[in-house]
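S.K.: Fold the following and give me the result.
(2 chains)
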Amino acid sequence: MFLQTVRTAIEALNARRMRSILTLLGILIGIAAVMLTVGLGQGATEAITNQINALGSNMLIVTPGSTTSGSFRGASSFESLTEDDATMLADKDVVPDVAAVAPVYSGSASLRSATTTWTSQMYGTVPDYLEVRAKSVDTGRFFTKAELEAHSSVAVIGTTTAEELFSGQEPIGQSLQINSQTFTVIGVLAESGSSLTGDEDDVVIVPSTTYGDRFAEGAALSSIYLEAASSDRLAAAQQEVNKALLSAHQVTADNMDFTVSTQQSLVETVESITALLTLLLGGIAAISLLVGGIGVMNIMLVSVSERVREIGLRKALGATPGVIRQQFLVEAAILGLTGGLLGVGLGFGGAAAINPFLTEQNMTVSISMSATLIALAVAMTIGIVAGVYPASRAAKMAPIDALRSE
Amino acid sequence: MTDLLTLRGVRKTYFSSEEVQVQALRGIDLDVEEGEYAAIMGPSGSGKSTLMHIIGCLDVATEGEYEIDGVDTSEMSERQLARIRNQKIGFVFQQFNLLPTLTALRNVEVPLLYAGVPASQRRERAAKALARVGLADRSEHRPGELSGGQQQRVAVARALVTDPALILADEPTGALDSVSTNDLLDLFDELHGQGKTLVVITHEAEVAARAARVVHLRDGLISKIVTNPQGGAAKIEGGKA
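M.R.: All right, here's what the predicted structure looks like:
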């Protein structure tokens, strides 16, 4: 009996093929839009999370300025971190759960090799930087503690920088002008890709001591990277660093001039932002799905008033109100389900079409199975809900009124 | 002879507003015997359509009693009435009322569908009913591919397929030419000869002349009942013998 109802419903929809297809489109576009926006949001979250994880394991970052206190403290707060802070944080008695510390100066550098000029991001730091940031050297070597203490004019460069300046030539041992000061290239970092902070391969790294001498005497640190002793100790390390800096800077939690973040807290921040964006875009898409549902209701109502005679006849021949209601509900549900299935297809197709444009961002549209199933269930529910009113109108129709209408 | 239909004091009043009431039927007493061929005649506005709706369980009387095949229908729900229509009554309408998207065979199957008959039996019984009205070779045609007379025969097959107690025809020849009209009336005679009970609502004397008894309606009341010895009555006798 139910199969027969489905067959009757399909025949009825097929008899008005063009209109059924247009109605399907409403649901189809809604479902595809929801899938793609949620998938894009998911993909963006994954991509950014991966980048944050690539920053280094068990890493803590101390940055100047505060994001927790309500007011912006002006330029002074961006010069709040000093070498002394870094030295203090390296002290095991003060912060027992920190394993390594890498203070970082940063600035822009104009580079000049024998043949080319190029602009890169420049960092001044210490040998521990490599370990703390989970980076490695591809060819050559990083500078040593001795070179740091000797204020040596040595530089380690990223792969992009190496390619731009020395294009194919062996960079190790070459001389390099950084802001008109002569340095010797001693190593090239392994490739690490783009991240939140830009192209991590387009960098030049020099000893922090040399950086201070040559480029920015008395400048403040742009950040301090720390490595916790283990991932279990990350939270403890964060608290210790926080406490030590509060007392060293003689500030309280209300007017603190620095922020200690962990990978985890960065991930959480990013996730909350992308979740909000996904919600916003998904909400807009959901509205289009709702409009699709109203389209189904509209078309079912038209269908009921067009088929008054058919309904009357079926009733005269013995169809109970329940059977009539079921028939119209099934028709609406089929519209919803078919629209949903095609929408899921379009969603996957759309994702495949968009993905090539996202490779640059290391991102893909990430469509989850559960989201797809939910979208299908929603489409069918919308179909049924939209069908309830028209179906009950059809079911309530008196057979004579229905037969009479010419 | 047992009565198939019994109407006692049947009234039907339509309330189009609180002030305006239309008394379509004002107290009808009527019995139709099993195997009888009766016609209901009357000018438009006489209430014959309303009476047809009540006999066909398409509508219920405002007052009075109506029994079909020993079952009182006055207190029935929509659902129960639907079952009665399905099991006890076969309808033939003026406009044929076939479903245009379905083949003749599937049109004839529709009442069996609502009776819950399994698919294989449906096909078999529908094919048999089509053969009975002489349209076995048209079973795969859609209504649009059939003549008016053929469409009405399909409708008769659909009325017969559930083997109902009553065939109820509402102006069955209203949309037919004279040749098709004659064919259809011959078919009705044949069904009557096979023992079917027929009630035909018509305003055409030619159609009523075939029935054994003609019930004349005027202003919502039965004005006269004429027994027609040339009509189906003779065949009833024949059937009994």
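
S.K.: contacting residues around residue A:176?
M.R.: The neighbours of residue A:176, taking Cβ atoms under 8 Å, 6 or more residues apart in numbering or on different chains as the test, are A:111-113, A:155, A:157, A:165, A:182-185, A:204. In short, each C-beta sits where N, CA and C put it, glycine included.

S.K.: In contact with residue A:199, which residues are there?
M.R.: Residues near residue A:199 by Cβ under 8 Å, 6+ apart: A:158, A:160.

S.K.: any idea of the pLDDT on it?
M.R.: With respect to pLDDT, residue A:199 scores 73.

S.K.: Run through the bridge partners of it.
M.R.: Assessed by DSSP bridges, residue A:199 has beta-bridge partners residue A:194.

S.K.: Report all helices and strands that the helix or strand harbouring residue A:373 contacts.
M.R.: Residue A:373 belongs to helix A:369-396 when assigned by DSSP states H and E. Here helix A:369-396 touches helix A:17-53, helix A:263-306, helix A:321-354, going by 3 or more Cβ pairs under 8 Å, 6 or more residues apart in numbering or on different chains; DSSP states H and E.

S.K.: Just after the longest one, pick out the following helix or strand.
M.R.: Meaning helix A:263-306. Using DSSP H and E, the helix or strand that follows helix A:263-306 in sequence is helix A:308-316.

S.K.: tell me the angle that next one makes with helix A:321-354.
M.R.: Going by axes from the mean of the first three to the mean of the last three Cα atoms, to 10 degrees, helix A:308-316 is angled at 130 degrees with respect to helix A:321-354.

S.K.: hmm, helix A:308-316 touching chain B?
M.R.: Yes. Residues of helix A:308-316 are located near chain B by Cβ under 8 Å from any Cβ of the partner chain, namely A:309-310, A:313-316.

S.K.: List the contacts of residue B:221.
M.R.: Residues near residue B:221 by Cβ under 8 Å, 6+ apart: B:25-28, B:47.

S.K.: on that earlier part again, out of the contacts of residue A:176, which are buried?
M.R.: Buried subset of these (neighbour count, 16 or more other Cβ atoms under 10 Å in any protein chain shown): A:111-113, A:155, A:157, A:165, A:183, A:185, A:204.

S.K.: Present those as TSV; the columns should include distance to chain B.
M.R.: Formatted as TSV, these follow (distance: Cβ to the nearest Cβ, whole Å):
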residue	distance to chain B
A:111	78
A:112	82
A:113	80
A:155	81
A:157	76
A:165	76
A:183	85
A:185	81
A:204	77
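
S.K.: Sort out for me which of those are in helices.
M.R.: Within the buried ones among the contacts of residue A:176, residues falling in helices by DSSP state H are residue A:165.

S.K.: Filter the buried ones among the contacts of residue A:176 down to the ones in strands?
M.R.: A:111-112, A:155, A:157, A:183, A:185, A:204 (DSSP state E).

S.K.: Generate a markdown table for these, with pLDDT as supplementary columns.
M.R.: Converted to a markdown table, those look like this (pLDDT from 0 to 100):
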| residue | pLDDT |
| --- | --- |
| A:111 | 91 |
| A:112 | 90 |
| A:155 | 93 |
| A:157 | 92 |
| A:183 | 92 |
| A:185 | 93 |
| A:204 | 93 |
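
S.K.: Could you dump those into TSV with distance to residue A:351 added?
M.R.: Listed next are those as TSV, based on distance: Cβ to Cβ, whole Å:
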residue	distance to residue A:351
A:111	41
A:112	45
A:155	43
A:157	38
A:183	47
A:185	43
A:204	39
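
S.K.: residue nearest the centroid of chain B?
M.R.: Per Cα atoms, centre = their mean, the C-alpha nearest to the average position across chain B is that of residue B:168, at 0.7 Å.

S.K.: ok, that residue touching residue B:52?
M.R.: Yes. Counting by Cβ atoms under 8 Å, residue B:52 is a contact partner of residue B:168 at 6.7 Å.

S.K.: re the thing from before, in what element of secondary structure is the residue nearest to the centre of chain B found?
M.R.: strand B:166-170.

S.K.: Could you pull up the contacting residues of residue B:142?
M.R.: Contact analysis of residue B:142 by Cβ under 8 Å, 6+ apart lists B:100-104.

S.K.: re earlier: shared neighbours of residue B:168 and residue B:52, which are they?
M.R.: The contact sets of residue B:168 and residue B:52 overlap at B:199, B:201 (Cβ under 8 Å, 6+ apart).

S.K.: Residue B:23 sits in which helix or strand?
M.R.: Counting by DSSP H and E, residue B:23 is part of strand B:21-33.

S.K.: what about that strand and chain A, any contact?
M.R.: No. Strand B:21-33 stays clear of chain A (Cβ under 8 Å from any Cβ), getting no nearer than 11.7 Å.

S.K.: C-alpha coordinates for that strand, CSV please?
M.R.: The C-alpha coordinates for strand B:21-33 follow below in CSV (Å, rounded to 0.1, in the frame of the first residue of the first chain):
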residue,chain,number,x,y,z
GLN,B,21,-31.5,28.0,3.9
VAL,B,22,-32.0,25.8,0.9
GLN,B,23,-34.1,22.7,1.5
ALA,B,24,-32.8,20.5,-1.2
LEU,B,25,-34.7,17.4,0.0
ARG,B,26,-37.8,17.7,2.1
GLY,B,27,-38.5,14.2,3.3
ILE,B,28,-37.8,11.3,1.0
ASP,B,29,-39.1,7.8,1.6
LEU,B,30,-37.7,5.3,-0.9
ASP,B,31,-36.8,1.6,-1.1
VAL,B,32,-34.7,0.0,-3.8
GLU,B,33,-34.8,-3.7,-4.0
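
S.K.: just checking, what packs against the lengthiest helix in chain B?
M.R.: Using DSSP H to define each element, chain B has its longest helix at helix B:178-193. With contacts defined as 3+ Cβ pairs under 8 Å, 6+ apart, helix B:178-193 has these neighbours: strand B:37-41, helix B:148-160, strand B:166-170, strand B:197-202, helix B:205-208, helix B:234-240.

S.K.: Given the fourth one, what are its sheet partners and their directions?
M.R.: Think strand B:197-202. strand B:37-41 (parallel), strand B:166-170 (parallel).

S.K.: Quick check: residues of chain B near chain A?
M.R.: Proximity of chain B to chain A, by Cβ under 8 Å from any Cβ, involves residues B:53, B:56, B:58-59, B:78-79, B:82-83, B:85-87, B:91, B:93, B:95, B:97, B:99, B:101-102, B:110-111, B:113-116, B:119, B:158, B:162.

S.K.: can we see that at 6 Å?
M.R.: Counting by Cβ under 6 Å from any Cβ of the partner chain, the positions of chain B adjacent to chain A are B:53, B:58-59, B:78-79, B:82, B:85-86, B:91, B:97, B:101, B:110-111, B:113-114.

S.K.: Whichever residue of chain B sits closest to chain A sits in which helix or strand?
M.R.: At 2.4 Å from chain A, residue B:86 is the closest residue in chain B, using Cβ to the nearest Cβ. Counting by DSSP H and E, the element that carries residue B:86 is helix B:78-88.
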